[in-house]
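J.: Turn this into a model:
(2 chains)
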Amino acid sequence: MIQPPKRVLQFLRWFCDERFHEEMEGDLYEMYEDFVERLGEKEAKQKFIRAAFSYMRPYFFRKRQAAANPLIMHRFHFKIAFRYFKRNKSFVLINVLGLALGIACAVLIGLLVRNETSFDDFHAEADRTYRVVRVSQIEGADEFRTGVTFPFAKAVREGLANAEHVTATYNQFNLHLAILNEEGGVEKKFKEAEGGVLADHEFFQVFDFGEGGDNWLLGNPDEALTEKFSIVLTASQAKKYYGEENPLGKIIRIDNQYNYTVKGVIKDFPANTNFPFTFLLSYISLEEIYGDIAKTGWTGLSDRNQCFVRLKEGVSPTDFNEQVAQMHASFVSEEIAKMRSYKLQALNEVHSDTRFGNYTGRTVSKGTVLALLAIGFFLLLTACINYINLATAQSTLRAKEIGLRKVVGSSRSSIMAQALVETFLITFLALGLGVVVLEMIIPYLATFMEIEFYDYWDASLIGTLLILGILITLAAGYYPGKVLSGFNPAQAFRQKISRSTIGHLSFRRVLIVFQFVVAQVFIIGTIAIMLQVNYFKQTDWGFDEEAVITLQIPNADQRPEARQRLYNEWLDIPAVERISFAASAPSAADRRRNFTNASLPNSGNEEGVGCEVLTIDTAFVGLYDIPIIAGRDILPGEADIRTAVLMNETLVRDLGFQDPADAINQVVGFNGGERVIAGVVKDFQVGSFREEGANQRVALWHNPRGFGMASVKLNAKAFDELSETLKAIENVWSGTFPEHVFQYQFLDDRLAAHYATEARMSQLFKFLAFIAIFIGCLGLYGLVTFLLNQKTKEIGVRKVLGASVFQILSLIMKEYLGLLMIAFVLAVPFSYWALSKWLENFSNQIDLPAWLFLAGLLVSLLVAMATVGFKSFKAASKNPTGALRLE
Amino acid sequence: MKGTHLGEFEELVLLTVAILYDEAYGLAIQREMERQTKRSISIGAVHAACNRLSDKGFLEAKFSEASQKRGGKRKKLYTVSYAGQQALTHARDLRQQLWDQIPGTAFQFGLT
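T.: Below you'll find the predicted structure:
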């Protein structure tokens, strides 16, 4: 049979009005046959196409049947939608609730992400602004640090022309501020745990905080930070200290040591900055505080000392890195130049690169942001799927309505419009409810995530909500609309449309499987995170952290007499068992790290091995109950204090002793000095989990000059009268350090800070998982309710014929069980992959046990069965007469 | 008024339909017109004209029985309606009238 080109005919059919189709196609067919006979196929085709083109005239075009008044039609859509909702209240309730929760969580996540990704993006020329970070080669491993040496910034500013502005910053935590009155007496005392930052005069040239140089409310910007011992307050801090008074020229004494003069007041910094400071001190003051080191100390480093650079336009950071390296090499020894390499880090990575810290003490990696976005997206998707599934299932009931409409002349697009209007109404109801839910969740979330949500209601949020509403309407409404408008009216009236013929049942199964996958991944993920956090909690720190409070000894007052007084008077308190002074508590992430080299004389290896030094007193090992596996503790007395050293197992092993006992009484050289190994202690956690090289080589010795931390061990009695004990401890403190605010911390709280981020994430995750599962259940519940209503009669007949409740239940559940298993097969590899990725972040991580995944299956099984079973049981146990009498 | 005017092409179509009488459907009309006028006439134009003439009431249309040929499509057969015949007659009369009024000397293209 001769077949004219199909596409041409399709095209004609598409643009020509229907009433011409038959005549047109018939004639074209006949013509084509004739052409083929006379001219052959090739030429026939050409002529055919030409003939077809002759139909392209306005007369044949499809006519749009414009409604007399489109407004009336749409009003009609709304009216029908409302009537439909009124008759299907549970349908509306389930969908609005599910969508509202989905929207609320998605928007919440969006806000969280917006908050975390907006750090310091408001500075002018932020894309040309960088932080100088350091990658140090220590023992072959890279160490990622932020610290620069004191003269570094100045040398960059003076030596490298490509830097437009350079600023150095140095932050100090836990400062004691005394507000002095005219006579020089102390008027008020404040303890600022967040601390302040020492910054030099170009700070506001590098960072304008989006104010375009308009930061200053009082004072002279050119002078304020150039003079020694000047302080600049933010507006709210000025108010806190001085109320309505003009603070300019007033004196503030910091740490009872240095008097700073208030030289300016600036606007408050925004919440989303990596400079969480309320006052700035002049950087040049360091020259007084630390003396020559601050001018010429090219070896000592502290991570608090950071350097920020704004490059001139068109300068490439890589070139600049090389210039910095050259500059640096000209100041330091060859060794150091080889070991430390500096490079520029873009300002927008300061908050997201977890390898380097920042002043906020909080980084949020890009991976976390992506994971959060994915979670938000899937939550929304589950809510949409609920709607699609329910609306499609419900559409069977509307077959007659649609059939009648079609008979009366409704077009497919008009029925589609009807479906979209209904979705639109539900979506926007959900949007309203979602906003209410959001407002309720945010304060709660802000507390446990410790995030400040600042004015988040802005045009972009409202715009996003509206766009979200429209997208959801289209995503959720399209498929049900397509199914609904595709009904064949003749079939609709003959009641041929059953559950399985509308929409592709397989498509809906895919959707349900997808929901199950999401729920299972959430369950598995939540359990895994909880396990890991638990694992952190149960970490064997290698020392006893119970019932120890730690107090920071003021840097300004390191007199041995003061310590002795504290020691004597505290020990008089009955609840106090032991007291120790040391450089820091064990496992303190914020300790000042002190490295040295340990070597055995005459061993041939003069360089030895690097190790960290922890300065302790003779009570330390006993107080923390660190097991001594060989030798003895450091004993009180001149001899031990001067010459004894304790080492941990790892250090002793790396020095070449197979048996710790062999090391006892050996002489070890430490960069010049020599000490005798008195004892070997078991390895204990020295730093935080994320620290590289943590829990490795440590040497402990006595050195009364470096005691920054007092540890007080309480006995069991203390907890019966905790407040009295603490009061007594405070009284002793105030008697010894009258100028310093009393502040203590329980060590286990301090240790918990190591995994605070993970603990917070697990909270958030638990919450989101709960929502995801809840949404999924809502949808399942709605679907089952509907299907059971359809099957009332079937169940009745089965019961009459002798089926038991159990048989009927298993009949209904069989399908969902199968889908659940398919979902499980998909969820396992995905969650395994994602969790392994996440666990890579930690030095001590859990293995993913098989039961974890089975637990995910079990929980989802239980939840699904409870949802389905509740409804099914009710339906199955009903009296069949009731079901069959209908009609 | 739009409804009653008869264009030149339409007049030709109408006449052809009348000639073909029983067998006047799109393709036949087009072929006959090409044969008679020696012009190339597109099928689309013929269809448009036929349908327009039906709209005006000058042609009546009915579908023939379906056959295996033509891809199973029926032929749409046209016949001239009474109104159509009236319009044709009117057009011819109008022309005749005009011819009759031409003075005898008007068409004498002799040497002057």
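J.: burial of the residue of the stretch 101-250 of chain A found nearest chain B, as a residue count?
T.: Residue of the stretch 101-250 of chain A nearest chain B, by Cβ to the nearest Cβ: A:Gly102 (51.3 Å). C-beta coordinates here come from the backbone N, C-alpha and C atoms, glycine included. A:Gly102 has 27 neighbours, counted by other Cβ atoms under 10 Å in any protein chain shown.
J.: what comes up buried for the helix or strand where it lies?
T.: Taking DSSP states H and E as the definition, one finds A:Gly102 inside helix A:89-117. Using 16 or more other Cβ atoms under 10 Å in any protein chain shown as the test for burial, helix A:89-117 gives A:91-92, A:94-113, A:115-116.
J.: and what of stretch A:818-830?
T.: A:819-820, A:822-824, A:827-828.
J.: What average pLDDT does that stretch get?
T.: Averaged over stretch A:818-830, pLDDT sits at 91.
J.: What segments of chain B are helices?
T.: Ranges of helices in chain B, per DSSP state H, are B:8-20, B:26-37, B:43-56, B:82-100.
J.: and the ones you listed, which is most packed in?
T.: helix B:43-56 (a mean of 21; mean count of other Cβ atoms under 10 Å in any protein chain shown).
J.: Let me know the angle separating that one from helix B:8-20.
T.: 90 degrees (axes from the mean of the first three to the mean of the last three Cα atoms, to 10 degrees).
J.: which helices and strands does helix B:43-56 pack with?
T.: helix A:21-39, helix A:41-53, helix B:8-20, helix B:26-37, strand B:59-63, strand B:76-80 (3 or more Cβ pairs under 8 Å, 6 or more residues apart in numbering or on different chains; DSSP states H and E).
J.: now the residue of the stretch 201-350 of chain A found nearest chain B, what's its secondary structure?
T.: Closest approach between the stretch 201-350 of chain A and chain B, counting by Cβ to the nearest Cβ: A:Asn348, at 62.5 Å. Following DSSP: H, G, I helix; E, B strand; the rest coil, A:Asn348 is assigned to helix.
J.: And for A:Val437?
T.: A:Val437 - assigned by three-state DSSP - is helix.
J.: what number of residues lie near A:Asp200?
T.: 23.
J.: Please apply the same query to A:Ala383.
T.: 32.
J.: What pLDDT does the model give it?
T.: At A:Ala383, the model reports a pLDDT of 89.
J.: avg pLDDT for stretch A:236-252?
T.: According to the model, stretch A:236-252 has a mean pLDDT of 88.
J.: start to end distance for it?
T.: Start and end residues of stretch A:236-252 are separated by 16 Å (Cα to Cα, to the nearest Å).
J.: For it, buried residues please.
T.: Buried-residue list, stretch A:236-252, by 16+ other Cβ under 10 Å: A:237-238, A:241-242, A:247-248, A:250-252.
J.: likewise stretch A:290-298?
T.: Buried, per 16+ other Cβ under 10 Å, within stretch A:290-298: A:293-294, A:298.
J.: any idea which of those residues is closest to A:Tyr781?
T.: A:Ala294 (68.4 Å; Cβ to Cβ).
J.: How about the secondary structure of that closest one?
T.: When classified by three-state DSSP, A:Ala294 comes out as helix.
J.: Without its sequence neighbours, what residue ends up closest to it?
T.: A:Leu286 (4.2 Å; Cβ to Cβ, 6 or more residues apart in numbering or on different chains).
J.: could you say which helix or strand contains that neighbour?
T.: Counting by DSSP H and E, the element that carries A:Leu286 is helix A:286-289.
J.: CA atoms only: put that helix into CSV for me.
T.: Coordinates of each C-alpha in helix A:286-289 appear next as CSV, following Å, rounded to 0.1, in the frame of the first residue of the first chain:
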residue,chain,number,x,y,z
LEU,A,286,50.6,44.1,70.3
GLU,A,287,54.1,45.8,70.1
GLU,A,288,53.6,46.8,73.7
ILE,A,289,52.0,43.6,74.8
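J.: what's it in contact with?
T.: With Cβ atoms under 8 Å, 6 or more residues apart in numbering or on different chains as the test, helix A:286-289 has contacts from A:150, A:170, A:198, A:228-229, A:258, A:294-295.
J.: Now which of the residues you listed would you call buried?
T.: By 16+ other Cβ under 10 Å, the contacts of helix A:286-289 give A:150, A:170, A:198, A:228-229, A:258, A:294 as buried.
J.: Show which residues not belonging to whichever strand or helix holds A:Val232 make contact with it.
T.: Assessed by DSSP H and E, A:Val232 sits inside strand A:230-234. For strand A:230-234, contacts defined as Cβ under 8 Å, 6+ apart pick out A:196, A:219, A:224-225, A:241, A:247, A:252, A:254, A:260-269, A:277-282, A:285.
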